[in-house]
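**Student:** no letters, just coordinates:
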């Protein structure tokens, strides 16, 4: 069995979790294994039917009011209890902020290995192999995880959803779990949400990013206007722009920010430092706009425009608005 952890955010199943579940189903079919999912939280059983469509044949549920908000120790203990009940051979997480936090905790608790930020999986001689980028994305490492279950976090926007619904029904199993209050060292006391309703860069299909060439915080308003024209689009930024205080850290893409794999990444005024490339080089298509024709970003770009971004952005926005109004 391959077990997938399903993350719920703002009353919805995160797309990245469904991608991990879909990949689990594909690999399980290849190995002759089954696929299951686990939901942890309060009032989460209602999400189980949707998971059957995305590849799960069984859904384990740990439902407790005390688990309404993520708490590292409590969630780790709950998932460890699920592993003891389900006895999976592998367990997948989305490489989201939560997945990157809880997966290593669970691996340490179980004493097993973890393959992090995987961009590919394969099967060889009846064994799962995990593929992940190393050396800032310059090379790919293929590894086998020892111990059972083999844990892995899968990069969002890399693994496709199932092309057709797998099933409309399956088994739902409740996992008995009692929270050890003494073991819970950290709790969520307040959630402060960003005022804007922008999609997270790690889950966006399109990212329009700005670097030092944006020249100031007011220029990022141009990118937000451009992002508003396109569906499922987020605004990204280089570290230099974030360090300058032009935009919040949640928008940072790169080695010290978020790793993204959108269908389209458009970089405005981004020089292309290796730390930034490490976070976005797996984008399916990269478009670079920069006045410097020798900027490193052009080496990885599929398309490049050597020009003034303050002229390109308005022209691009106008062309897109015209395109969508005609369609």
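**Tutor:** Ah, there it is. It should be emphasised that the depicted structure is a prediction, and the values quoted were computed from it without experimental measurement. Numbers count the residues shown, from 1 in each chain.
**Student:** tell me, how many residues neighbour the closest residue to residue 18 other than its chain neighbours?
**Tutor:** Among residues not flanking residue 18 along the chain, residue 54 sits closest, at 4.9 Å (CB to CB, 6 or more residues apart in numbering). Heads up, the C-betas are built off the backbone N, CA and C, glycines and all. When neighbours are counted by other CB atoms under 10 Å, residue 54 registers 24.
**Student:** kindly report the same for residue 84.
**Tutor:** By other CB under 10 Å, 10 other residues sit near residue 84.
**Student:** cool, and the one 5 residues further on?
**Tutor:** Using other CB under 10 Å as the criterion, residue 89 is surrounded by 16 other residues.
**Student:** measure stretch 53-65 end to end?
**Tutor:** 27 Å (CA to CA, to the nearest Å).
**Student:** how distant is it from the center of its chain?
**Tutor:** Put simply, stretch 53-65 sits 20 Å off its chain's centre (CA atoms, centre = their mean, to the nearest Å).
**Student:** stretch 149-156 now?
**Tutor:** 11 Å.
**Student:** let the chain start at 400 from now.
**Tutor:** Happy to do that; since the first residue is 400 now, the last one works out to stretch 548-555.
**Student:** so for it, mean pLDDT?
**Tutor:** Mean per-residue pLDDT for stretch 548-555: 96.
**Student:** in what helix or strand does residue 515 lie?
**Tutor:** Using DSSP states H and E, residue 515 maps to strand 513-517.
**Student:** mind giving me the packing neighbours of that strand?
**Tutor:** helix 496-509, strand 526-533, strand 549-553 (3 or more CB pairs under 8 Å, 6 or more residues apart in numbering; DSSP states H and E).
**Student:** looking at the ones you listed, which is closest to residue 620?
**Tutor:** helix 496-509 (26.1 Å; CB to CB).
**Student:** which strands or helices does that closest one pack on?
**Tutor:** With contacts taken as 3+ CB pairs under 8 Å, 6+ apart, helix 496-509 sits against strand 401-405, helix 471-485, strand 489-493, strand 513-517, strand 549-553.
**Student:** could you break the protein into its assigned domains?
**Tutor:** 401-582, 600-725 (automatic domain parsing).
**Student:** tell me how far the ends of the first one are from each other?
**Tutor:** Spelled out, it's domain 401-582. Note: domain 401-582 ends 28 Å apart using CA to CA.
**Student:** equivalent analysis for the last one, please.
**Tutor:** Length of domain 600-725, first residue to last, CA to CA: 28 Å.
**Student:** average pLDDT for that domain?
**Tutor:** Domain 600-725 comes out at a mean pLDDT of 94.
**Student:** so how far is that domain from its chain's centroid?
**Tutor:** Remark: domain 600-725 is offset 18 Å from the chain centroid, using CA atoms, centre = their mean.
**Student:** and for stretch 572-586?
**Tutor:** 26 Å.
**Student:** what sits up against it?
**Tutor:** Contact with stretch 572-586 is made by 437, 444, 457-463, 465-466, 468, 470-473, 476-477, 480-481, 484, as judged by CB atoms under 8 Å, 6 or more residues apart in numbering.
**Student:** restricted to buried residues, select those in PyMOL.
**Tutor:** Buried residues among the contacts of stretch 572-586 (16 or more other CB atoms under 10 Å), as a PyMOL selection:
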select buried, resi 437+457+458+459+460+461+462+463+466+470+472+473+476+477+480+481+484
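**Student:** what does the average pLDDT come to for stretch 443-463?
**Tutor:** Here the average pLDDT along stretch 443-463 is 95.
**Student:** now do the end-to-end distance for that stretch.
**Tutor:** Stretch 443-463 stretches 9 Å from its first residue to its last (CA to CA).
**Student:** returning to that earlier point: output the helices and strands packed on strand 513-517 as JSON lines; include the columns distance to residue 717 and mean neighbour count.
**Tutor:** Shown next, in JSON lines, are the helices and strands packed on strand 513-517 (distance: least, CB to CB, whole Å; neighbours: other CB atoms under 10 Å):
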{"stretch": "helix 496-509", "distance to residue 717": "36", "mean neighbour count": "18"}
{"stretch": "strand 526-533", "distance to residue 717": "37", "mean neighbour count": "18"}
{"stretch": "strand 549-553", "distance to residue 717": "38", "mean neighbour count": "27"}
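**Student:** now those in TSV, with distance to residue 414?
**Tutor:** As requested, those are arranged in TSV below (distance: least, CB to CB, whole Å):
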stretch	distance to residue 414
helix 496-509	13
strand 526-533	21
strand 549-553	12
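**Student:** any idea which of the ones you listed gets closest to residue 611?
**Tutor:** By CB to CB (comparing all of those), the closest turns out to be strand 526-533, at 25.0 Å.
**Student:** which strands and helices sit next to that closest one?
**Tutor:** So strand 526-533, by 3+ CB pairs under 8 Å, 6+ apart, packs with strand 513-517, strand 519-523, strand 538-542, strand 549-553.
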